[in-house]
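J.: Mind folding the following:
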Amino acid sequence: MKGKKITIIGGSGGLGRIFARFFKKHGFDVTLMARNEERLKKVSQEVGVKYELNLQKSVSNADIVMVSIPIRSTPEMIEKVAQYLKENALIFDITSLKFEVVKSLRKVQERYPINCISLHPMFGPGIEDLKNFVMLYLKIGGTDQYESITNELFNLFKKEGLKITETTLDFHDMMIALTLGVPHMFNILFLNLIKESNQPIDELMKYTGTTFLLQKLFAENIIQKEVEMLGEIQMDNFQFQNILELFEHLLKSYRKTIKTKDMEGFKKLFSNGIEYSKNDKHYNNAYKYFYQFIKILKNDDFK
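T.: Now for the predicted structure:
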């Protein structure tokens, strides 16, 4: 695909930069498009690629268009962009939720002679390279060149060490409810719970052990991410509503166990956790990994 043109809409964002560098490395003519000219110009200079403020002009000659904007804005952008694309162009999104996005991709694929796929990189803008990270994808469809075009793209990802996994619409959003929505929820609630204690963090740190230290770090990492994105992942995913019901039931049962001092019930919770996770590849070394994280923190003089 060397020498082909790609436009990244929302290219001044974190993932936009990562993919701009990726495609530039593989010989693409990269154009970034976004609304904020000052920020867009700065990022384009930083990465060493072009930028364009006019949407139609930015995509009309592109072989590939990547949409990297907030989830709720993505379906409308896909339908707006599709009318400007040349024949056999490929358009893809990188959103964390797929229900509405896939509807728009299917709509434009039926209307125009273009190719559509939906991607979900399971990583954030803080990574240094793509090796061993996961890229999920949903096939949508397109022209008679669909398979060759998408396979070329996947081969580029694989060269960088990305693990490519195909999924389906319903299964994707259910798994995202569990793998993103749940940890986001726990960490947001964790910080709010200790805030309700009215004890400053610096005071808590005088009493902290290793478990609190790591949990606090995870939570502080989550809380600094884009709030709209975290909200959309939970609010716009109907699968997450089912998870909340399970959580409410579990919390009610847990409260009863603690209130009644039911040690057998408490042990049962531990047994359930062990039974579920004992065959996980990380299980046997979890203790070692835990203290490797702690060692990193201590080496950075994090106390």
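J.: other SSEs contacting whichever strand or helix holds residue 32?
T.: If you go by DSSP states H and E, residue 32 is part of strand 29-33. Packed against strand 29-33 by the contact rule (3 or more CB pairs under 8 Å, 6 or more residues apart in numbering; DSSP states H and E) you find strand 5-9, helix 14-25, helix 37-47, strand 50-52, helix 55-59. (Glycine included, C-beta is placed from N, CA and C.)
J.: Which other helices and strands does the lowest-mean-pLDDT helix or strand in the chain contact?
T.: When each helix and strand of the chain is scored by mean pLDDT, DSSP states H and E, helix 286-299 comes last, with a mean of 86. In terms of contacts (3+ CB pairs under 8 Å, 6+ apart), helix 286-299 is packed against helix 210-223.
J.: after the helix it packs on, next one along is what?
T.: Using DSSP H and E, the helix or strand that follows helix 210-223 in sequence is helix 227-235.
J.: For the helix or strand that that next one is followed by, output the C-alpha coordinates as PDB.
T.: On the C-terminal side of helix 227-235, the closest following helix or strand by DSSP H and E is helix 238-259. Presented in PDB, the C-alpha positions along helix 238-259 are these (Å, rounded to 0.1, in the frame of the first residue of the first chain):
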ATOM      1  CA  PHE A 238     -27.100  -1.200  26.300                       C
ATOM      2  CA  GLN A 239     -25.000  -4.300  27.300                       C
ATOM      3  CA  PHE A 240     -23.600  -2.300  30.200                       C
ATOM      4  CA  GLN A 241     -27.000  -2.000  31.700                       C
ATOM      5  CA  ASN A 242     -27.100  -5.700  32.200                       C
ATOM      6  CA  ILE A 243     -23.700  -5.600  33.900                       C
ATOM      7  CA  LEU A 244     -25.000  -2.900  36.300                       C
ATOM      8  CA  GLU A 245     -27.900  -5.100  37.300                       C
ATOM      9  CA  LEU A 246     -25.500  -8.000  38.000                       C
ATOM     10  CA  PHE A 247     -23.300  -5.600  40.000                       C
ATOM     11  CA  GLU A 248     -26.200  -4.300  42.100                       C
ATOM     12  CA  HIS A 249     -27.300  -7.900  42.900                       C
ATOM     13  CA  LEU A 250     -23.700  -8.800  43.800                       C
ATOM     14  CA  LEU A 251     -23.200  -5.700  46.000                       C
ATOM     15  CA  LYS A 252     -26.500  -6.400  47.800                       C
ATOM     16  CA  SER A 253     -25.400  -9.900  48.500                       C
ATOM     17  CA  TYR A 254     -21.900  -8.800  49.600                       C
ATOM     18  CA  ARG A 255     -23.400  -6.200  52.000                       C
ATOM     19  CA  LYS A 256     -25.500  -9.000  53.600                       C
ATOM     20  CA  THR A 257     -22.500 -11.200  53.900                       C
ATOM     21  CA  ILE A 258     -20.500  -8.600  55.700                       C
ATOM     22  CA  LYS A 259     -23.400  -7.400  57.900                       C
END
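J.: Many thanks, I have nothing further to ask.
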